[in-house]
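Undergrad: sequence and computational prediction follow.
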Amino acid sequence: MCPQQRSARRSVKYRLFDQPIRLLKGKLRLRQVTRLLEGGHQTAVLTSRWDLRDIHIAYRMFERWRQENFFVPTSLDGSMLSPS
């Protein structure tokens, strides 16, 4: 099943896997939402938000990363600039 998220801007579909994980010998309980792309690439998001659906977590994070990648500094020839 591919959950869907609709916003005022666009609609997205993700292939997601949601699972609880424990760190620090079980003292820290987090949630891992993993997105699978068609090419087999997986991206995991760790969160402590248990009140949101997996699609909402994935949508928020991937939209944020999409916006951040839009503002990657580039030189005049289009190549990415490295930090000084």
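TA: Cool, the structure landed.

Undergrad: low-confidence stretches in this structure?
TA: By pLDDT under 70, the low-scoring segments of the chain are 1-9, 64-84.

Undergrad: for it, what spans make up the strands?
TA: Taking DSSP state E, the strands of the chain run over residues 4-6, 11-13, 15-23, 28-36, 42-47.

Undergrad: Serialize those to TSV and add fields for distance to Arg53 and mean neighbour count.
TA: Heads up, the C-betas are built off the backbone N, CA and C, glycines and all. TSV is the format used below for these (distance: least, CB to CB, whole Å; neighbours: other CB atoms under 10 Å):
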stretch	distance to Arg53	mean neighbour count
strand 4-6	9	13
strand 11-13	13	11
strand 15-23	9	12
strand 28-36	10	15
strand 42-47	12	14
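
Undergrad: export those strands to JSON lines and tack on distance to Ala58?
TA: What follows is these, written out as JSON lines (distance: least, CB to CB, whole Å):
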{"stretch": "strand 4-6", "distance to Ala58": "8"}
{"stretch": "strand 11-13", "distance to Ala58": "8"}
{"stretch": "strand 15-23", "distance to Ala58": "6"}
{"stretch": "strand 28-36", "distance to Ala58": "5"}
{"stretch": "strand 42-47", "distance to Ala58": "7"}
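
Undergrad: nearest to His56, of those strands?
TA: Closest of the strands of the chain to His56 is strand 4-6, at 6.9 Å (criterion: CB to CB).
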